[in-house]
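*Asks:* following is a predicted model, sequence given first.
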Amino acid sequence: MKKLLSYSQWIYIHFRTQFAYRGIILESVFDFLVRNILLYYIWKVVYECTTIVANRTYEQMIAYALTSSMIISLLSYPDIHFLAYDIKHGGIAYSLLKPMDFQLQFLLKDTGIALAYFIALFPVCVAAMFVLNTSVDLTSNWPCFIISLTIGIFLSFTINFIFGSLCFWVENSWGISNFRHVVVGFLSGAILPLDLISIRLSRLSLYFPFAGIVYIPAGILTDQFEKQNIGVLLLIQICWVLILWVIGKLIYQKVKRLVVINGG
Amino acid sequence: MINFNNVSKSYTIRTLKRGHLFKYNIIKKEAVKNLNFRIYKSDLVGYVGLNGSGKSTTIKLICGLLYPDSGQIKVNGQNPFLNKDTCYNIGAVFGQKQQLWVDLPVRDSYELLRGIYKVSKHDYHERLEILDSLLEISTLLDMPARKLSLGQRMKCEFAATLIHWPQILLLDEPAIGIDFISRKKIVQLISLLNKKYGKTIVLTTHNLQDIETLCNRVMVIDKGEIIYDGSQNELKAKSSKQSKVILTLSNENSIEDIYIHFQTTDVKAKAINGLVEIIVNNNDIAHVMNTVNNLRSQEIITKVEIAPFALVDILEKIYSERGSELP
């Protein structure tokens, strides 16, 4: 019980850090709005020539764009960069000294931060869906969406931890962080729905971890999957979280022997 | 309590070769070599050495932050690197790093540490009271850590380390950037923690006055090797065959003339900040004092002082005898 309490405190303190400066949350809302205004006009032009793109109506595509933007905003905290910064400047010492698993610290920290963004962005996203009349059936889809979104967020953090652990080797995050952004951005369906690129790719990607971050949760909310398949998709997401958690743990066990705490 | 058995640790440093973009030099730096020591319960050990001599590496090895290349480390009978539970018994202050969450009030960080280390509310408040009585931190608790001055932050960092009241305290430059009054308070707190609460403390600092005030036992490290481990008094006694005579001159220009009188094979004199400092064997002191009194009667010297040997003098002598590069 005391352990759970300390975990929740860990989440809460990082949740609070996002409200310490007035700008952080407002900036994320502003960024979300600007990105979606751009996407709105892009898709508007595309749908002037056709009524269906990648099996989606105009309204469904706008709903997908809004949802994927929101998910990407929730995951926008540069955790790999800050981990590498702590490794480089020695601040990692205090994190490693705490009687809490380092991987868990990383995950709970990111959870607290994502929660802060979620509270700010979810109402804006829902309001935008109503304003743009996207006809998304929020009442029936949202419970599964929230579950899938939560698992997707954990999935992203486990991937980030693996990439972050590599910084113990290379002591720099620039290349690793960029690589992660390109891979996850493309293969998760954050930039475009995966079935827009290729139907085969979208089917195949469902069995890989990246689609579970954006494509599956956004697809669930925008009615892209058969209701009876949703359970299987959630199960695949959970399996990937567990697999990547174990992989992250194994990598960390290796790299923690390489820890060098610089500067006194 | 802390047991080091033949512990060595080296770092591999990659540096870009001069004039190349893709070729690197690999430098292997031995931070500590075959360290052997034991620190017992309630010891207060001053761990001293020059910059880069391996002090901080030793502290990090005790914490279990670094993995030794060879040898065995035990803290309370357990390997601190492999066993996370040792964290409950260890508290560390790294003067150049920070554990407080900079954006949040100090109190929030303390509350979180209380949760992580499973400290009861009663103990937490009791400890805060003790810490406040010595460090006067109560007015700082509601301030974001980033708004504190360096000295204020250091006091809060020190207090943060004591929230879980660890049995072993590893203090790596705990009073860095602190004003003289706060420094005195930190010294008092360290003494109290050791004497009243029986904490085992390893103190690393470049301020040797603090070590002289606090620590009976001194460990001296040079180039990764412990070159002295014993009582401070014993170390001083070894050097007690010599005395230090400090002369104040009436005219700083006469410094060179004075110098000539004392620069012999048995007597070493050097000018420091307008004063002349003479290191003399006790056998020769009568002869030196005769010369000094003679110069004093000529009003060339205005003041004579026979000073005790400070730890800093002894260490300077040890390091220069070993041929270490003094700063």
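*Replies:* It's in. Numbering: from 1, shown residues only, chains lettered A, B, ... in the order given.

*Asks:* the closest residue to B:Arg38 other than its chain neighbours is in what secondary structure piece?
*Replies:* Here the nearest residue to B:Arg38 in space, its sequence neighbours aside, is B:Asn3; by Cβ to Cβ, 6 or more residues apart in numbering or on different chains that works out to 5.3 Å. Bear in mind the C-beta positions are built from the backbone N, C-alpha and C, glycine included. Counting by DSSP states H and E, the element that carries B:Asn3 is strand B:2-16.

*Asks:* next one: the closest residue in space to A:Gln18 that isn't next to it in sequence from A:Pro78, what distance?
*Replies:* Using Cβ to Cβ, 6+ apart and skipping residues adjacent in sequence, the residue nearest A:Gln18 is A:Ala116, 3.7 Å away. Using Cβ to Cβ, to the nearest Å, we find A:Ala116 at a distance of 15 Å from A:Pro78.

*Asks:* of the two, who's got more company?
*Replies:* In this view A:Ala116 and A:Pro78 are compared by other Cβ atoms under 10 Å in any protein chain shown, and A:Ala116 has more residues nearby, 21 against 13.

*Asks:* local confidence estimate at that one?
*Replies:* Turning to A:Ala116, the model gives it a pLDDT of 93.

*Asks:* please name the residues that touch it.
*Replies:* With contacts taken as Cβ atoms under 8 Å, 6 or more residues apart in numbering or on different chains, A:Ala116 has the following neighbours: A:15, A:18-19, A:25.

*Asks:* show me those residues that map onto strands.
*Replies:* For the contacts of A:Ala116, membership in strands holds for none, with DSSP state E as the criterion.

*Asks:* okay, the residues you listed in JSON lines with neighbour count and pLDDT next?
*Replies:* Putting the contacts of A:Ala116 into JSON lines (neighbours: other Cβ atoms under 10 Å in any protein chain shown; pLDDT from 0 to 100) gives the following:
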{"residue": "A:Phe15", "neighbour count": "19", "pLDDT": "92"}
{"residue": "A:Gln18", "neighbour count": "20", "pLDDT": "88"}
{"residue": "A:Phe19", "neighbour count": "14", "pLDDT": "87"}
{"residue": "A:Ile25", "neighbour count": "16", "pLDDT": "86"}
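
*Asks:* keep only those of the residues you listed that are in helices.
*Replies:* Residues from the contacts of A:Ala116 lying in helices, with DSSP state H as the criterion: A:15, A:25.

*Asks:* what strand or helix carries A:Leu107?
*Replies:* Counting by DSSP H and E, the element that carries A:Leu107 is helix A:102-131.

*Asks:* in that helix, which residues are buried?
*Replies:* By 16 or more other Cβ atoms under 10 Å in any protein chain shown, the buried positions in helix A:102-131 come out as A:102-103, A:105-118, A:120-121, A:124-125, A:128-129.

*Asks:* what stretches of the chain score poorly on pLDDT?
*Replies:* Going with chain A. Within chain A, the stretches falling below the threshold (pLDDT under 70) are A:138, A:262-264.

*Asks:* switch to chain B, please.
*Replies:* Scanning chain B for pLDDT under 70 picks out B:238-240, B:263-269, B:308, B:324-327.

*Asks:* helices along that one, start to end?
*Replies:* Counting by DSSP H, chain B forms helices over residues B:55-63, B:106-116, B:121-135, B:150-161, B:180-195, B:208-214, B:232-238, B:255-262, B:285-297, B:311-322, given from the N-terminal end onward.

*Asks:* repeat that for chain A.
*Replies:* Listed in chain order, the helices of chain A (DSSP H) span A:2-17, A:22-47, A:58-74, A:79-89, A:92-97, A:102-131, A:138-165, A:167-170, A:174-187, A:194-197, A:199-205, A:215-221, A:230-255.

*Asks:* hey, which of those is tucked in deepest?
*Replies:* Mean neighbour counts were taken over the helices of chain A using mean count of other Cβ atoms under 10 Å in any protein chain shown, and the top value, a mean of 28, falls to helix A:215-221.

*Asks:* coming back round to it: what residues sit buried inside the strand holding B:Asn3?
*Replies:* By neighbour count, and taking 16+ other Cβ under 10 Å as the criterion, the buried residues in strand B:2-16 are B:2-4, B:7-10.

*Asks:* before we move on, back to that, nearest to chain A, of the helices of chain B?
*Replies:* Between chain A and the helices of chain B, the shortest gap by Cβ to the nearest Cβ is with helix B:106-116, which sits at 4.0 Å.
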